[in-house]
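Show me the folded form of this:
(one chain, ligands or ions: 1)
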Amino acid sequence: MNASRIEAMQADITRLEVDAIVNAANTSLLGGGGVDGAIHRAAGPDLVMECQRLNGCKVGDAKITRGYRLPARFVIHTVGPVWQGGGAGEPEKLASCYRRSLAVALDSGVTSIAFPAISCGIYGYPVDQAAAIAVREVRDFLEVEPQIERVIFACFGSDVLSAYRAALGA
Ligand code: AR6
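Numbers count the residues shown, from 1 in each chain. Below is the predicted model:
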């Protein structure tokens with residue numbers, strides 16, 4: 001049953017018509033490159049103004065804002081770990097990003113949500129390992145939370161999509 005609620009697709013997350021998209025942000029929450037830059041550009045300047053009031057975000061935590069000009073009603077900003085070789089708690093911190101993002105989504109009544117490959121760009125997390133964590137955490141959460149009807153892994157590029165397809169098939 002969970003399988004039909006979770007899918008991976010090649011997509012620009014800023015275009016997706018879901019209740020919430022997740023942003024792979026940094027601890028300042030004030031914008032950056034990668035998907036963070038794309039989300040701020042698409043949402044418009046009101047997003048950073050709301051983010052300025054949040055006092056940043058810790059690695060592994062998540063905070064929600066409105067989506068402004070995005071098709072998504074909300075943006076859930078989470079901060080992934082910087083990859084340091086895997087021995088610095090990166091897997092647990094990344095897992096926490098997925099759990100906290102879903103918990104925040106649930107609190108705001110979200111039923112559909114899209115995630116980028118958190119930490120897999122500028123932060124250097126190996127995508128195969130990150131995809132396995134993402135799929136495990138989302139599956140575990142959906143098993144106990146029927147409110148979340150749809151989760152999309154928005155993959156930027158075919159390598160990322162292949163990694164998620166493999167993780168979903170496993
Ligand atoms: N839609 C979906 N995925 C995207 C998009 C998009 N429009 N653009 C990029 N990606 P990254 P991180 C993919 O670097 O590694 C920022 O400066 C990208 O190909 O965005 O968590 C923040 O402010 C990759 O697969 O995030 C932080 O400082 C994935 O999104 C830092 O980067 C994540 O890559 C966070 O680094």
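
mind listing what V35 touches?
I13, N23, A24, P116, G121, F156 (Cβ atoms under 8 Å, 6 or more residues apart in numbering). Just so you know, the C-beta spots here come from the backbone N, C-alpha and C atoms, and that holds for glycine as well.

give me that answer again for 6 Å
V35 makes contact with A24, P116 under the criterion Cβ atoms under 6 Å, 6 or more residues apart in numbering.

Checking my notes, it in a helix, right?
Yes - counting by DSSP: H, G, I helix; E, B strand; the rest coil, V35 falls inside a helix.

mind checking pLDDT for it?
Residue-level confidence at V35 comes out at 98, pLDDT.

so how far is the ligand from it?
According to Cβ to the nearest ligand atom, to the nearest Å, V35 stands 4 Å off from the ligand.

Next: G37.
6 Å.

unless I'm mixing things up, E17 is touching L70, no?
No - applying Cβ atoms under 6 Å as the test, E17 and L70 come out as separate, 9.5 Å apart.

Compare those two (neighbour count), which wins?
L70 (22 against 11; other Cβ atoms under 10 Å).

Quick check on that one: phi, psi?
As for L70, its main-chain torsions (degrees, to the nearest 10) stand at phi -70, psi 150.

Name the SS class of V48, please.
Put simply, V48 is helix when judged by three-state DSSP.

Please enumerate the helices of the chain.
For the chain, the helices defined by DSSP state H cover 2-5, 34-43, 46-51, 90-107, 127-144, 158-169.

Least confident of those helices, on average?
Mean pLDDT is lowest for helix 2-5 out of the helices of the chain, coming in at a mean of 71.

Output the helices of the chain as TSV; include the columns distance to G80.
TSV is the format used below for these (distance: least, Cβ to Cβ, whole Å):
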stretch	distance to G80
helix 2-5	23
helix 34-43	11
helix 46-51	17
helix 90-107	5
helix 127-144	8
helix 158-169	14
